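Participant: From the sequence below, what's the structure:
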Amino acid sequence: MNLEGVFPPMATPFDGGHVDTAAVRSNIDLWVRAGVRGVVALGSNGEAPLLTEEESDAVIAAARESVPSSRVLIAGTGRESTPATIAASRRAASLGADAVLVRTPSYYKGRMTHDAFVRHYTAIADACAAPVLLYNYPAVTGVNLMPETVAHLALHPNIVGIKETGSDAAQMAAFVDLAPPPPSFTVIAGSAPTVYASLCLGARGAILAAACVVPEMCVHLFEHTRAGRHQDARRLQAQLTPLAKLVTTGFSVPGLKAAMDLAGFVGGDPRLPLAPAPPAAVEQLRAALKQIQNTL
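Facilitator: Residues are numbered from 1 along each chain as shown. From the prediction side, this is the model:
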């Protein structure tokens, strides 16, 4: 599977408290036109933990309608239990997902050992028709997939990559060095403020919240880096980083959705208990977007 490129981890728009499937399709059409490699549905930025199973399936179905067959639809299917993750992954595959992105279970943190992760991901990969991507996000889950665990799992024929959402350059390099090379296994960067560095270390894809807002910029940064145009890539990284921080660690999902609205996409309000970005945050996002427009 070719996972080399930029993927926006789409926010889930709501209308009257219900999933707005028309807005899902509209956003995807714009991202595809911007040149992304594909789309991630139901990731952390998609408020996946706040959706019902029926809503999750509706998001995947709507996304599949708009993601062309030449692009890749990845669906987040991580649940706390292995059986629930298998069930969600099978449903996603039946709805047309090209791959499933499976976050680490984390409720019983002290029990999430190498052996536990190997059992969990091996069972999912054995049971699911769609290729499996590992999803490591220690800042949110509080657990970490260690390089030796990833290297072990990367040998499974149905585990095809990992999204690493973090800024630990040593860990990113270890994933690249210890796992089989693409297309057997692809390391995907999940942090926009460090995406240039991650690509230089050997990551071959990028799932970036900022790509939901400024997809062309993220695609150009990726292309410049892969082509060895490092001065151009570093320039875009410097321009992208302030906005990228605001829509992740700064204001999280509410900020991402507000920035999408400002940029001409459909973001809308997040689902309770999350609250919309306050006016002061919206003004910071507006200023960051204007700064990008002035420098391009």
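Participant: Next up, the contacts around residue 100.
Facilitator: Residues in contact with residue 100 (C-beta atoms under 8 Å, 6 or more residues apart in numbering) are 74-77, 88-89, 92-93, 124, 128, 130-133. The C-beta positions use only the backbone N, C-alpha and C, and glycine is treated the same way.
Participant: before we move on, what about residue 270?
Facilitator: 47, 253, 254, 257, 276.
Participant: how far out from the middle of the chain is the strand or helix carrying residue 22?
Facilitator: Using DSSP states H and E, residue 22 maps to helix 21-33. Using C-alpha atoms, centre = their mean, to the nearest Å, the mean C-alpha position of helix 21-33 is found 16 Å from that of the whole chain.
Participant: Neighbours of residue 123, how many?
Facilitator: 14 (other C-beta atoms under 10 Å).
Participant: For the helix or strand hosting it, give me every contacting residue.
Facilitator: In this structure, residue 123 is located in helix 114-127 according to DSSP H and E. Identification of contacts with helix 114-127 by C-beta under 8 Å, 6+ apart yields 82, 85-86, 89-90, 100, 102, 104-105, 132, 134, 145-146, 148-149, 152-153, 156, 158-159.
Participant: 6 Å instead, please
Facilitator: Helix 114-127 is contacted by residues 82, 85, 86, 89, 132, 149, 153, 156, 158, 159 when judged by C-beta atoms under 6 Å, 6 or more residues apart in numbering.
Participant: pLDDT of that helix, averaged?
Facilitator: Per-residue pLDDT over helix 114-127 has a mean of 98.
Participant: mind listing what's buried in that helix?
Facilitator: For helix 114-127, a neighbour-count test (16 or more other C-beta atoms under 10 Å) marks 116, 117, 120, 121, 122, 124, 125, 127 as buried.
Participant: can you redo those residues as JSON lines with distance to residue 2?
Facilitator: Listed next are the buried residues of helix 114-127 as JSON lines, based on distance: C-beta to C-beta, whole Å:
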{"residue": "116", "distance to residue 2": "31"}
{"residue": "117", "distance to residue 2": "26"}
{"residue": "120", "distance to residue 2": "26"}
{"residue": "121", "distance to residue 2": "22"}
{"residue": "122", "distance to residue 2": "24"}
{"residue": "124", "distance to residue 2": "22"}
{"residue": "125", "distance to residue 2": "19"}
{"residue": "127", "distance to residue 2": "24"}
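Participant: for the stretch 151-296 of the chain, what spans make up the strands?
Facilitator: For the stretch 151-296 of the chain, strands defined by DSSP state E, counting those that start in this stretch occupy the ranges 159-164, 186-189, 205-207.
Participant: Out of those strands, the one nearest residue 33 is which?
Facilitator: Proximity to residue 33, assessed across those by C-beta to C-beta, is greatest for strand 205-207 (18.2 Å).
Participant: Now do the closest one: which elements does it pack against?
Facilitator: Applying 3 or more C-beta pairs under 6 Å, 6 or more residues apart in numbering; DSSP states H and E, one finds that strand 205-207 makes contact with strand 186-189.
Participant: neighbouring contacts of the strand it packs on?
Facilitator: By C-beta under 6 Å, 6+ apart, strand 186-189 touches 3, 161-163, 175-176, 195, 198, 203-207.
Participant: quick check, nearest of these to residue 11?
Facilitator: Distances from residue 11 to the contacts of strand 186-189, taken by C-beta to C-beta, are shortest for residue 207, at 13.2 Å.
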